[in-house]
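Q: Predicted model and sequence below, questions to follow.
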Amino acid sequence: MIKVSNIRKSFKDNVVLKDISFNVNKGEVVVIIGPSGSGKSTLLRCLNFLEKADGGKIEIGDVAVDVKQANRAAVSKLRMQTSMVFQHYNLFKNKTALENVTHPLVVAKKMKKDDAKQMGRDLLKQVGILEKENQYPISLSGGQQQRVGIARALAVNPYAILFDEPTSSLDPEWVGEVLRVISGIANKQKTMIIVTHEMNFAREIADKVIFMADGVIVEQGTPKEIFDHPTMERTKQFLKDFHRQTEVHHEFYGENTKAMLM
């Protein structure tokens, strides 16, 4: 289980997270939605100490950390419980697709290079880009780079994978392929927390949806509860605004874009 308790984070006078608490069961997919600036990505980064929260407790698998008391060893142990898929890919530009995937296996897991290469190829095949194994990120499309990032996240077999808006930097034509890869992982009962603006995808893939705004969790529940029967006015307004923006997008770009947003 992932258990997040009373996480708080400020940047100087700007309070970004205000006593955030939620649970994620093993094998569950939790999707976090909300307007820009609501603290979604900061929350995700606090879970693996890419940002250090000001207070609260984080429990992932069998590792529990009090943020204020966490030493370097505790932080390292907690980080090993998760992998992160970033919105801007964060691949090593001087390494091939295969090398990007095998790097954490060799460095963190101390795996033999030949064994790491075999596993890396299996993972690249799983995400559909084995034929790109010897290409560098600069020669890959955004969708291909993100699939390398997903393969890299899978390589270390973490307790959970954290996705920080994995399609926000992609051209519309590449969104669908990345979402299909993530859906395939979800079907294998991998624990995942996903921050996304793709509402249709969230409805389809999530076991639980968390709606955040202004640094707090406003509402959480099943996709049906959040999308069809929200109880809080802030949630209702967000979904209403989203549907209005989607209709404008369809009118401007044409009906064929609907498939890209699914």
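A: Perfect, I can see it now.

Q: make it CA atoms for all contacts and neighbour counts henceforth
A: Fine.

Q: For stretch 4-22, buried residues please.
A: Buried residues in stretch 4-22, counting neighbours by 16 or more other CA atoms under 10 Å, are found at 4-5, 7-9, 16-21.

Q: If you could redo that for stretch 42-56, that was the one I meant.
A: 42-48, 52-53, 55-56.

Q: for stretch 90-103, same thing?
A: 91, 96-103.

Q: Over to stretch 26-34?
A: Buried-residue list, stretch 26-34, by 16+ other CA under 10 Å: 26-34.

Q: got it, and stretch 220-232?
A: 220-223, 226-227, 230.

Q: With stretch 114-121 instead?
A: Taking 16+ other CA under 10 Å as the criterion, stretch 114-121 shows 116-117, 119-121 as buried.

Q: and the residues you listed as CSV, adding distance to residue 78?
A: Below are the buried residues of stretch 114-121 laid out as CSV (distance: CA to CA, whole Å):
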residue, distance to residue 78
116, 23
117, 26
119, 24
120, 24
121, 27
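
Q: Just those: which are in helices?
A: Members of the buried residues of stretch 114-121 lying in helices (criterion: DSSP state H): 116-117, 119-121.

Q: can you map out the strands along this protein?
A: 2-11, 14-24, 29-33, 55-60, 63-66, 82-85, 160-164, 191-195, 208-213, 216-221 (DSSP state E).

Q: contacting residues around residue 183?
A: By CA atoms under 8 Å, 6 or more residues apart in numbering, the contact set of residue 183 is residue 205.

Q: From residue 151, how far off is it?
A: 14 Å (CA to CA, to the nearest Å).

Q: Tell me how the chain divides into domains.
A: 2-81+159-261, 96-157 (automatic domain parsing).

Q: Most tightly packed of the ones you listed?
A: Most buried of those by mean neighbour count (mean count of other CA atoms under 10 Å) is domain 96-157; its value is a mean of 19.

Q: which among the buried residues of stretch 90-103 gets closest to residue 170?
A: Among the buried residues of stretch 90-103, residue 91 lies closest to residue 170 (CA to CA), at 14.9 Å.

Q: shaky segments in the stretch 51-200 of the chain?
A: Of all residues in the stretch 51-200 of the chain, none has pLDDT under 70.

Q: Where do the helices of it begin and end?
A: 72-79, 97-107, 113-126, 142-155, 172-186, 199-205 (DSSP state H, counting those that start in this stretch).

Q: Indicate which one of the ones you listed is closest to residue 61.
A: Among the helices of the stretch 51-200 of the chain, the nearest to residue 61 by CA to CA is helix 72-79 (8.9 Å).

Q: Show me what the closest one is packed against.
A: strand 63-66 (3 or more CA pairs under 8 Å, 6 or more residues apart in numbering; DSSP states H and E).

Q: Okay then, goodbye and thanks.
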